[in-house]
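just coords:
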């Protein structure tokens, strides 16, 4: 009799777990119950993604065996952004997720290894034993877990594709000398499963006793289209640059190129790119014997990295060199490195280093050649949407 009872108890526990999940999520009027993780069939062929129910929460199971309950915000660059009911916002490597259950309508971008076919599906999803299944309401599609490229919460709403960054820094001093420094950075980006477009501005203005000592502005705009999982075409790529102290009234660069994501996994992203461009430069002043503008062809090479040092600290760095083929003296470099420390919610403390370098800046009308290097270090507050 005792042996039979021991066999029955585990079965009752399993059945109780399966039913307890639905009851705890629904929230009855009785005493509160602890949430119970959902139970999946051990045989992959016997399970299907959950039916749509916006009142239920999403569930993740980690390689440690732990379950997390909350809201699945998005998946990008191998990182799962999850709003945990108990732990607030957390970031988890996709490779550390073994099971998934989401009864909400989300949009998934998928591409199987070795295949050129890109698939975008909107529906509910579940994952067991490395198999990801998505129910779009008409059929259930199956993929290997590695095929997931990205995910955004909700359907294909236009507002889901946009993001915005703004950072400002200001310093003022009065007394024996009056000085003010203003730095600003803004970026607006639209990203879908296959495309990415952005417009970015970065500038600084400084005055000392009413005299301008810095006046630097850069606007960049580009549009990327993913040809494969990692290879993307950039067309167009446009840059406007102004810095009278480097004798550059306006430098316009327009071109196209190719880029490749070397690393897009977990807390690290690294891509490289290259292309050809046309470059037109108007000088602020020039010697009487020298032209006041130039038109050149250039080869552009670039790289950018993003590191999530901790859950609250990010380090992003980008570097670009423009090799001017028709006049090598106009070859220029630009590097930006930003450490962002989360202060509260979307508010960050940004520490930014910017380096601009021109091999041989054009001589001004007084015959003086500006210095090649221009290095700036700024601190400001930023906000992300």
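Arrived safely, thanks for sending. It should be emphasised that the depicted structure is a prediction, and the values quoted were computed from it without experimental measurement. Residues are numbered from 1 along each chain as shown.

Provide the secondary structure category for residue 329.
When classified by DSSP: H, G, I helix; E, B strand; the rest coil, residue 329 comes out as helix.

and the nearest residue to it once chain neighbours are set aside, helix, strand or coil?
Of all residues not flanking residue 329 in the chain, residue 360 sits nearest, at 3.9 Å (C-beta to C-beta, 6 or more residues apart in numbering). Glycine gets a C-beta too; all of them are placed from N, C-alpha and C. Following three-state DSSP, residue 360 is assigned to coil.

excluding its backbone neighbours, what's nearest residue 233?
That would be residue 225: by C-beta to C-beta, 6+ apart, it lies 4.9 Å from residue 233.

Next up, the contacts around the one you found.
Residues in contact with residue 225 (C-beta atoms under 8 Å, 6 or more residues apart in numbering) are 194, 195, 232, 233, 235.

Select the longest strand from this protein.
If you go by DSSP state E, the chain has its longest strand at strand 248-265.

Can you list the strands that that one pairs with?
Here strand 248-265 is paired, per DSSP bridges, with strand 231-243 (antiparallel), strand 268-282 (antiparallel).

so what secondary structure elements neighbour the helix or strand just after the longest one?
I take that to be strand 268-282. Moving toward the C-terminus from strand 268-282, the next helix or strand (DSSP states H and E) is strand 293-308. Using 3 or more C-beta pairs under 8 Å, 6 or more residues apart in numbering; DSSP states H and E as the contact criterion, the elements in contact with strand 293-308 are strand 248-265, strand 268-282, strand 313-324.

So what's the model's average confidence on strand 293-308?
Averaged over strand 293-308, pLDDT sits at 94.

let's have the chain start at 150 instead
Yep, numbering from 150; the last one is strand 442-457 now.

what lines up beside that strand in the sheet?
strand 417-431 (antiparallel), strand 462-473 (antiparallel).

Just the buried residues of it, please?
Buried positions in strand 442-457, judged by neighbour count with 16 or more other C-beta atoms under 10 Å: 443, 445, 447, 448, 449, 451, 452, 453, 454, 455, 457.

Closest to residue 525 out of those?
residue 453 (18.9 Å; C-beta to C-beta).

pLDDT at the closest residue to the closest one other than its chain neighbours, what is it?
Nearest non-adjacent residue to residue 453, counting by C-beta to C-beta, 6+ apart: residue 467, 4.0 Å away. Residue 467 carries a pLDDT value of 96.

What is the burial count for residue 467?
17 (other C-beta atoms under 10 Å).

And the helices in the stretch 150-299 of the chain?
Using DSSP state H, counting those that start in this stretch, the helices found in the stretch 150-299 of the chain span residues 151-175.

Tell me where the model's unsure across it.
Low-confidence segments of the stretch 150-299 of the chain (pLDDT under 70): 150-194.

picking that back up, separation between the residue nearest to residue 382 and residue 391?
Shown here: residue 374 relative to residue 391, a distance of 29 Å by C-beta to C-beta, to the nearest Å.

sorry, back to before: residue 518: which of the helices and strands packed on strand 442-457 is closest?
With C-beta to C-beta as the criterion, residue 518 lies closest to strand 397-414 of these, at 12.8 Å.

who's in contact with that closest one?
So strand 397-414 is in contact with 226-227, 242, 244, 373, 379-391, 418-433, 447, 449, 451, 471, 507, 510, going by C-beta under 8 Å, 6+ apart.

is the residue nearest to residue 382 in a bridge, and if so with what?
Residue 374 has these beta-bridge partners by DSSP bridges: residue 344, residue 382.

distance of it from residue 383?
For residue 374, the distance to residue 383 equals 8 Å [C-beta to C-beta].

doesn't residue 445 make contact with residue 471?
No. Contact criterion C-beta atoms under 8 Å: residue 471 and residue 445 do not qualify, at 9.3 Å.

list residues touching both of the two?
Listed as contacting both residue 471 and residue 445 by C-beta under 8 Å, 6+ apart are residue 428.

picking up where we left off before, of the strands paired with strand 442-457, which approaches residue 517 most closely?
Judging these by C-beta to C-beta, what sits closest to residue 517 is strand 417-431, at 18.0 Å.

buried stuff in that closest one?
Across strand 417-431, burial judged by 16+ other C-beta under 10 Å covers 418, 419, 420, 422, 424, 426, 428, 430.

Would you reformat those as TSV and include distance to residue 497 and pLDDT?
Shown next, in TSV, are the buried residues of strand 417-431 (distance: C-beta to C-beta, whole Å; pLDDT from 0 to 100):
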residue	distance to residue 497	pLDDT
418	18	87
419	22	93
420	22	94
422	26	96
424	31	96
426	32	95
428	33	95
430	35	94
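
Now the two most distant members of these.
It's 418 and 430 that sit farthest apart of these, by C-beta to C-beta, at 32.3 Å.

how near is residue 457 to residue 345?
19 Å.

picking that back up, and the residue nearest to residue 453, what does it touch?
With contact taken as C-beta under 8 Å, 6+ apart, residue 467 is in contact with 451, 452, 453, 454, 484, 485, 486.

which pair in the residues you listed spans the largest distance?
The most distant members of the contacts of residue 467, if one measures by C-beta to C-beta, are 451 and 486, lying 14.1 Å apart.
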